[in-house]
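Undergrad: Return a 3D structure for these sequence lines:
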Amino acid sequence: METRTRRPQTRTFGRPAGAGRPTFGRPSFGARNTTNRAPFRGSRVGSRPGMRSGGGRGRSDNIHPSRFVNRAVITEKAEHFVPEHNFTDFQVEENLKKNIVSKGYVTPTPIQDKTIPHILKGQDVVGIANTGTGKTAAYLVPLIHKVLTHPKENVLIMVPTRELALQIQEELKDFTIGMRLYSVVCVGGTSIGNQIRDLRYRNEFVIGTPGRLKDLIERKVLNLSFFKTVVLDEADRMLDMGFINDMRNIMAQMPKPRHTLFFSATLSGEIEKLIKEFLREPVMISVKTQDTAKGVDQDVVRVSRGDNKLDVLHSMLIQPDFGKVLIFGRTKHGVEKLTKLLVGRGFKAESIHGNKNQSGRQRSLKLFKEGKVQILVATDVAARGLDISDVSHVINFDLPATYDDYVHRIGRTGRAGKSGKALTFVE
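TA: Residues are numbered from 1 along each chain as shown. Next up is the predicted model:
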C-alpha cells in the first residue's frame, strides 16, 4: 500500500553408503505401526508419543496407513466448472476492476463465483472450501469495494498464523494499488512497538493473529468499536491451535450488528457451534468436493526395521523429479535438527517453525519460493495458508497428528490444476 506521510489520527548430492532404497506401495493391513520409535538412528526428530504441536485432537498412530495412499485421478474428460460470472461482471469500483485485470484475474474460482455476490450484498457468509481455492480474493475483492464506497468502514481479518497474515496483506496491496488504502499486520514474533505505532494511523484493514490482537486490545491501542466487518479465515485451524477463548473475547468486543465472514476447510460440530455463536443468518457456501486434491498422487514409504530413515530420505531427494520439496516434521526441535542434517549432506535446505523469529521465517520462505533452496522443512505452522507454487513433493517425515492435518499438509502440492506427489513415512 501507500507509504505513510500522514499525521496520526486520534482514532553435489552423492548417494550415501548403505542408503536404503525407499519402498512405495499400499501398506499391508496387519503391519505394525511403530511411529513412536526415533525417526532415525542416533537422533530424535519426532515427539513424545501422543503429543501434538499446537493443541490436539488425537494421536497420529490412530490414523491407518491406508489413508495415506490415493492415486491421482487422471481422466480424458474431467468435470469442468462453469462460473456464473466473470470478474468484470461484479459491481465493484472501477479502479478495483482495473487492478483485478492487472493481476490477470478473468474467471473466478468456484468459491469466488459463489461468495462475492453475497458479500457485496452485506450478507454474513460461511465458506467451506479446500485449501488453495482462492478464498482470500473471494473476500478481499468485495471488502475493498465496501471500504471504497463507505469511507468510515474498517475491516478486521483474523487468521491463525503469521505467514497467512502477511500473505493476505501482499494480496491486499496488489488489489489496492493507487487507492490510498492502508493496512497493518498484527502478529507475534515481530515488534509490538512498531504495530502500536502503525495503529495510531487510520488503517482500513487490520490483519492479525488472535493472541497479538488480544494483547493490543488490552493495551488499549486497538479499538474494535470502529470495526463493523470481521473475517475469520482458517477458523478451523484457529480452533485447533487453541485460540477459541481469544476469538470469543475479540468477537465479544465488536459492534452488533456486524458483517461477519467465516471461512473453514472443515465443518465439524465445534465449527458449527462457532457459526451459530458468531454469525447472523449466514449464507452457507460449500465448494469442497473431497478431502484431498485429485491431482495429488499419495503413497507411503515403508521403512523396515533397522533401516536408517534419514538415508531413505536422502535417496529420495537425489532423484531428479524431487525438484521443490516440502518436508513436515512434528516438533520445532526436530525440524531444525533435520534441516541441519540435510545441509550437512550437501542439500540446500531451510526450515520454518515457531522458534524462528519472523524475519528468519520470511527469509526461509522467500528462498524456497524463489527456488534458491530445494527443500523447506516445516512444522504444521506451514500447513495452512501458504501459497507456494510448483511444490513437486510433500513428504511427511513424521506422521501428522490428525487426518485433517494430513489433508492440509499435502494441500501444498498439486495446486492451480497442477499435479503433485505426497509421500508419508510409515515404519
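Undergrad: Show me the shaky parts of the protein.
TA: Residues of the chain that meet the criterion pLDDT under 70 lie in 1-62, 64-81, 131, 288-294, 382-386, 416-417.
Undergrad: Where do the domain boundaries of it fall?
TA: Per automatic domain parsing, the structural domains of the chain span 23-70+292-426, 87-286.
Undergrad: just so I have it, where are all the strands in the stretch 151-300 of the chain?
TA: 155-158, 183-186, 205-208, 229-232, 259-264, 283-286, 296-302 (DSSP state E, counting those that start in this stretch).
Undergrad: and Lys324, which of the ones you listed is closest to it?
TA: Taking C-beta to C-beta, strand 296-302 is the member of those nearest to Lys324, at 14.5 Å. Backbone N, C-alpha and C define where each C-beta goes, glycine included.
Undergrad: what helices or strands is that closest one leaning on?
TA: strand 23-24, strand 420-426 (3 or more C-beta pairs under 8 Å, 6 or more residues apart in numbering; DSSP states H and E).
Undergrad: Which one, of those strands, ends up nearest to Ser264?
TA: Using C-beta to C-beta, the helices and strands packed on strand 296-302 put strand 420-426 closest to Ser264, at 21.7 Å.
Undergrad: what lines up beside the closest one in the sheet?
TA: strand 296-302 (parallel), strand 393-396 (parallel) (DSSP bridges).
Undergrad: now, of those, which is deepest in the fold?
TA: strand 393-396 (a mean of 24; mean count of other C-beta atoms under 10 Å).
Undergrad: what residues does that strand touch?
TA: 68, 313, 316, 322, 324-328, 406, 409-410, 412-413, 420-425 (C-beta atoms under 8 Å, 6 or more residues apart in numbering).
Undergrad: Of these, which belong to strands?
TA: The strands, defined by DSSP state E, take in Val325, Leu326, Ile327, Phe328, Gly420, Lys421, Ala422, Leu423, Thr424, Phe425 from these.
Undergrad: most neighbours, which of those?
TA: Within these, most neighbours by other C-beta atoms under 10 Å means Ala422, with 30 neighbours.
Undergrad: Do I have it right that it meets Asp297?
TA: Yes: applying C-beta atoms under 8 Å, one finds Ala422 in contact with Asp297, separated by 7.2 Å.
Undergrad: before we move on, the earlier item: which one, of the strands paired with strand 420-426, ends up nearest to Lys337?
TA: Per C-beta to C-beta, nearest to Lys337 of the strands paired with strand 420-426: strand 393-396, 15.9 Å.
Undergrad: Send over that closest one as PDB, restricted to the C-alpha atoms.
TA: Coordinates of the C-alpha atoms in strand 393-396 are reproduced here as PDB (Å, rounded to 0.1, in the frame of the first residue of the first chain):
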ATOM      1  CA  HIS A 393       6.600 -33.200  -3.400                       C
ATOM      2  CA  VAL A 394       5.200 -33.100   0.100                       C
ATOM      3  CA  ILE A 395       7.000 -35.500   2.400                       C
ATOM      4  CA  ASN A 396       5.600 -36.400   5.900                       C
END
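Undergrad: How far off centre is it?
TA: Taking C-alpha atoms, centre = their mean, to the nearest Å, one finds the center of strand 393-396 at 16 Å from the center of the full chain.
Undergrad: go on, stretch 265-278?
TA: 19 Å.
Undergrad: What of stretch 229-241?
TA: For stretch 229-241, the distance to the chain centre is 11 Å (C-alpha atoms, centre = their mean).
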